[in-house]
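Asks: Here is my input; please provide its structure:
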Amino acid sequence: MVDTGKANTGRATWRVGVLFSRSGVSGITETEHFLGTALAIEEINRAGGVLGRAIEPVCYDPAGDRDAYRDLARRMLAEDGVEVVFGCSLSASRKAVLSTMERHNGLLWYPSIYEGFEYSENVVYTGATLNQNVFALADFLMQEYGPRIFMVGSDYIYPRESNRVMRDLIESKGGTILGEVYAPLDADEAAHERMVAEIRSVSPDAVFSTVVGRGAERLYRAYAAAGIDRTRCPIASLTLAEGQIQAIGPEACTGHVLASSYFGSLNGEENRRFVSAFQARFGPDRPTSMWSETAYAQVHLFARALAEAGSLDAERLSAAALRSRYLAPEGELAFDGETRHIWLTPGIGVARPDGQFDVVWRARRPVRPDPYLAWTRFELNALEEGLGQ
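Replies: Numbering: from 1, shown residues only. The predicted model follows:
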């Protein structure tokens, strides 16, 4: 239960919506979004709230149902007195609520990585765009494992767009895509066993996976059961974080690769404080991850913007948010005003037996978000040179 700061009796609160699925196909990752959001709200309220008023969350669980996201977003904005929503993870859910946010002039804070190619005055995007994860990962896979890549994904927009970009990158560097296979978002074990069989049949150097949710858990278990040497042919992804590794079992995930701006094993005082607070609140065995950390950080960014704007009005709050900075567990965060996305520091980790990651590469500085992939040659060269360090 989120502490809504009811100690401030007699004073108005800042009502916000929290719309993450704590059950259903994406329940693990969205529960982590929810917990990161909850922790940040509790911290802010314990410190006195924003301008003396507590943040009061109105929480719903859409259970992974796209129509429920749309209906609950409308309920929040039209009936619950909410103007700001922290929510959604999959692109399908974000797109499901987008027209509702725009129609009611609400503001969605979206904490998930996604495929880009979107802009809305009613969304603040705090997750990584493809230039902040796929670009570095393509170079890393070819340098460390080899040029022959196999791609698998869940069958919806984010995996298909991510795989399209990865294909372009690998082929532009002289590599080869040996195959590209998709399964429904919540496909059964047999579908993912067939994926693994196709991978084995062509013996790639590495696998790039955009399989998400419960499907990812089934894929990684099938891969481990097949006995494929993960030190020579790992699965590399943008989503397999610490919480999902815990659900799968670390012994089935060692050697696999994640491209992310946050890892629970990052050094730094802010991250040590975050990990300690998160585990004190939710249990010593619950790891932090890219999902919980991004959701946590965006609430603190929101609080700073709200303190400046003094209003939940989408236009005023957005303008203040785009000027906000925050020293997050992953490092300092700041927005790119042109795109409404956030500067992030790309990194690459290799899963280890304790369920954490060895961070084997991290960019020397934050990378500007480029959701439309309008890279200049100079920027791309700078990132490629960084991988050689």
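Asks: What is the end-to-end distance of stretch 17-32?
Replies: For stretch 17-32, the first-to-last residue distance is 16 Å (CA to CA, to the nearest Å).
Asks: which of the residues in it are buried?
Replies: For stretch 17-32, burial by neighbour count (16 or more other CB atoms under 10 Å) applies to 17-22, 24-32. C-beta: built from backbone N, CA, C; applies to glycine.
Asks: Tell me which of these fall in helices.
Replies: G27, I28, T29, E30, T31, E32 (DSSP state H).
Asks: now, which of the residues you listed sits nearest D168?
Replies: Using CB to CB, T29 is the member of these that lies nearest D168, at 26.5 Å.
Asks: That closest one against G243, yeah?
Replies: Yes - contact criterion CB atoms under 8 Å: T29 and G243 qualify, at 7.1 Å.
Asks: shared neighbours of the two, which are they?
Replies: W291 (CB atoms under 8 Å, 6 or more residues apart in numbering).
Asks: okay but N131 is in contact with L373, surely?
Replies: Yes - counting by CB under 8 Å, L373 is a contact partner of N131 at 6.4 Å.
Asks: Looking at those two, which is more packed in?
Replies: More crowded of N131 and L373, by other CB atoms under 10 Å: N131, with 25 against 14.
Asks: Could I get the contacting residues of the more buried one?
Replies: Per CB under 8 Å, 6+ apart, neighbours of N131: V367, P369, D370, L373, W375.
Asks: and the fourth one, that one's in a helix?
Replies: No - counting by DSSP: H, G, I helix; E, B strand; the rest coil, L373 is located in no helix; its state is coil.
Asks: Can you tell me how far it is from D168?
Replies: Distance from L373 to D168, counting by CB to CB, to the nearest Å: 9 Å.
Asks: Tell me which stretches of the stretch 1-150 of the chain form helices.
Replies: Ranges of helices within the stretch 1-150 of the chain are 27-46, 66-78, 91-103, 134-144, based on DSSP state H, counting those that start in this stretch.
Asks: Restricting to C-alpha, output stretch 41-50 in PDB.
Replies: The C-alpha atoms that make up stretch 41-50 are tabulated as PDB, following Å, rounded to 0.1, in the frame of the first residue of the first chain:
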ATOM      1  CA  ILE A  41       5.700   8.800  -3.700                       C
ATOM      2  CA  GLU A  42       6.300   7.600  -0.100                       C
ATOM      3  CA  GLU A  43       9.700   9.300   0.100                       C
ATOM      4  CA  ILE A  44       8.300  12.600  -1.200                       C
ATOM      5  CA  ASN A  45       5.300  12.500   1.200                       C
ATOM      6  CA  ARG A  46       7.500  11.700   4.200                       C
ATOM      7  CA  ALA A  47       9.600  14.800   3.300                       C
ATOM      8  CA  GLY A  48       6.500  17.000   3.400                       C
ATOM      9  CA  GLY A  49       5.000  16.400  -0.100                       C
ATOM     10  CA  VAL A  50       5.200  19.100  -2.800                       C
END
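Asks: got the buried residues for it?
Replies: In stretch 41-50, counting by 16+ other CB under 10 Å, buried: I41, E42, E43, I44, N45, G49, V50.
Asks: just the helices of the stretch 1-150 of the chain: most buried one?
Replies: Mean neighbours per residue, mean count of other CB atoms under 10 Å, is largest over the helices of the stretch 1-150 of the chain for helix 27-46, with a mean of 24.
Asks: So which elements touch it?
Replies: strand 14-19, strand 55-60, helix 213-225, helix 242-248, helix 269-282, helix 290-309 (3 or more CB pairs under 8 Å, 6 or more residues apart in numbering; DSSP states H and E).
Asks: For that helix, give the mean pLDDT please.
Replies: On average, the pLDDT along helix 27-46 is 97.
Asks: what's the angle between that helix and helix 269-282?
Replies: 100 degrees (axes from the mean of the first three to the mean of the last three CA atoms, to 10 degrees).
Asks: Of the contacts of N131, which one scores lowest on pLDDT?
Replies: Among the contacts of N131, W375 has the lowest pLDDT, at 61.
Asks: picking that back up, tabulate the helices and strands packed on helix 27-46 (JSON lines), appending mean pLDDT and distance to L185.
Replies: Listed next are the helices and strands packed on helix 27-46 as JSON lines, based on pLDDT from 0 to 100; distance: least, CB to CB, whole Å:
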{"stretch": "strand 14-19", "mean pLDDT": "98", "distance to L185": "19"}
{"stretch": "strand 55-60", "mean pLDDT": "98", "distance to L185": "21"}
{"stretch": "helix 213-225", "mean pLDDT": "96", "distance to L185": "6"}
{"stretch": "helix 242-248", "mean pLDDT": "96", "distance to L185": "15"}
{"stretch": "helix 269-282", "mean pLDDT": "98", "distance to L185": "27"}
{"stretch": "helix 290-309", "mean pLDDT": "98", "distance to L185": "17"}
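Asks: Mind putting the ones you listed into CSV with distance to P184?
Replies: Converted to CSV, the helices and strands packed on helix 27-46 look like this (distance: least, CB to CB, whole Å):
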stretch, distance to P184
strand 14-19, 24
strand 55-60, 25
helix 213-225, 8
helix 242-248, 19
helix 269-282, 31
helix 290-309, 22
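Asks: between those, which gets nearest to L108?
Replies: strand 14-19 (8.6 Å).
Asks: List of residues touching stretch 180-188?
Replies: Outside stretch 180-188, the residues touching it (CB under 8 Å, 6+ apart) are 25, 150-156, 159-160, 163, 167, 191-192, 195, 198, 211-215, 218.
Asks: What are the boundaries of the strands in the stretch 101-250 of the chain?
Replies: Assigned by DSSP state E, counting those that start in this stretch, the strands in the stretch 101-250 of the chain fall at 107-110, 123-125, 148-154, 176-183, 206-210, 235-237.
Asks: Mind checking the ones you listed for the one nearest to A225?
Replies: strand 235-237 (13.5 Å).
Asks: Check which helices and strands that closest one sits against.
Replies: By 3+ CB pairs under 8 Å, 6+ apart, strand 235-237 packs against helix 134-144, strand 206-210, helix 213-225, strand 257-260.
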